[in-house]
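Peer 1: coords please:
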Amino acid sequence: MLLGLDNLGEKTLNRIAELALSSQLDHIDDLTVQIKTNMDLIAQGRLESMLIDGKGLVMQQDLRMQHMIIRIGQVAVNPMAALMGNIQLTHPTQGSAHITLTASDLTQAFNSSTLNAQMQGVVIEEDGQEVVLDVQSVNCQLCDTGELIIQATVCLRHQDKAQQVEFYATPQIMDQGRRVQLDQVRYTQGQDLPPAVTQALIERATQVLDLKNFEMDGIHLNLETLTVTAETLTLEAIAHVIRFPKL
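Peer 2: Numbering: from 1, shown residues only. Here you go, the predicted model:
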């Protein structure tokens with residue numbers, strides 16, 4: 001049923017868009033959608049612009065984003081669907097995404113039930129022998145040098161004792177902006193552990209920073225820049241929008 005013209009406007013579309021996006025997330029501290037349009041533009045199947053501004057968004061694998069902003073310019077939509085409050089794209093569009101993570105966000109993701117389960121019973125090779133490794137806890141810190149510090153408590157089952165490992169690594173953009181890889185690893189603790197221990201942790205960090213973890217249905221990201229400071233890890237990406245999430 002068509003909404004009456006008096007009831008349809010930016011506020012209505014904003015609210016419906018907020019509900020649709022919220023359905024893609026596990027938790028939200030705050031989410032605002034600002035759509036600029038008018039009845040003449042809607043009749044032509046156009047939205048002037050869209051801004052998605054979210055704080056404290058929890059995505060896949062318990063990955064929390066401190067802040068996410070997606071800006072999209074002119075959007076071509078189905079006019080009849082828009083009159084019913086449904087944002088239905090008729091052509092893909094492109095915008096920009098700004099994502100901020102804190103060290104606490106990264107630590108939470110590492111210690112999530114999903115990743116924690118993957119870090120138990122990890123089989124590595126030491127001196128030609130298979131060794132089973134359990135990662136008991138992980139802590140992440142950020143540095144002004146552009147590096148991540150990963151601190152972990154690991155247990156090699158054949159030794160039956162916990163050991164500490166700490167290393168610095170620099171995140172680099174890989175695969176045409178689709179993922180982040182940790183390079184230039186340097187140890188500050190746990191140098192005597194098998195290199196495969198560090199490799200197992202780096203692989204889990206790569207999983208955490210996989211761009212798919214930051215995407216919503218119909219919105220795909222290509223990373224352009226990555227900046228690390230003592231407070232935040234900031235991702236700047238191109239947002240490719242092929243469809244808008246539905247309720």
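
Peer 1: Strands of this protein, start to end?
Peer 2: Using DSSP state E, the strands found in the chain span residues 30-36, 46-47, 49-58, 64-72, 75-76, 93-102, 122-126, 129-142, 148-156, 161-174, 179-189, 219-228, 232-241.

Peer 1: out of those, nearest to residue 82?
Peer 2: Proximity to residue 82 (Cβ to Cβ) singles out strand 46-47 among those, at 7.8 Å. Bear in mind the C-beta positions are built from the backbone N, C-alpha and C, glycine included.

Peer 1: Which strands and helices lie in contact with that closest one?
Peer 2: Secondary-structure packing of strand 46-47 (3 or more Cβ pairs under 8 Å, 6 or more residues apart in numbering; DSSP states H and E): strand 75-76.

Peer 1: And the average pLDDT for the strand it packs on is what?
Peer 2: Here strand 75-76 scores 94 as its mean pLDDT.

Peer 1: Packing partners of that strand?
Peer 2: Against strand 75-76 (3+ Cβ pairs under 8 Å, 6+ apart) you get strand 46-47.

Peer 1: Which residues does the strand it packs on contact?
Peer 2: Applying Cβ atoms under 8 Å, 6 or more residues apart in numbering, the contact partners of strand 46-47 are 13, 35, 36, 37, 41, 74, 75, 76, 77, 82, 87.

Peer 1: Give me the neighbour count for the fifth one.
Peer 2: Neighbour count for residue 41, taken as other Cβ atoms under 10 Å: 17.

Peer 1: Please name the nearest non-neighbouring residue to it.
Peer 2: In space, and not counting its chain neighbours, residue 41 is closest to residue 48: 6.1 Å by Cβ to Cβ, 6 or more residues apart in numbering.
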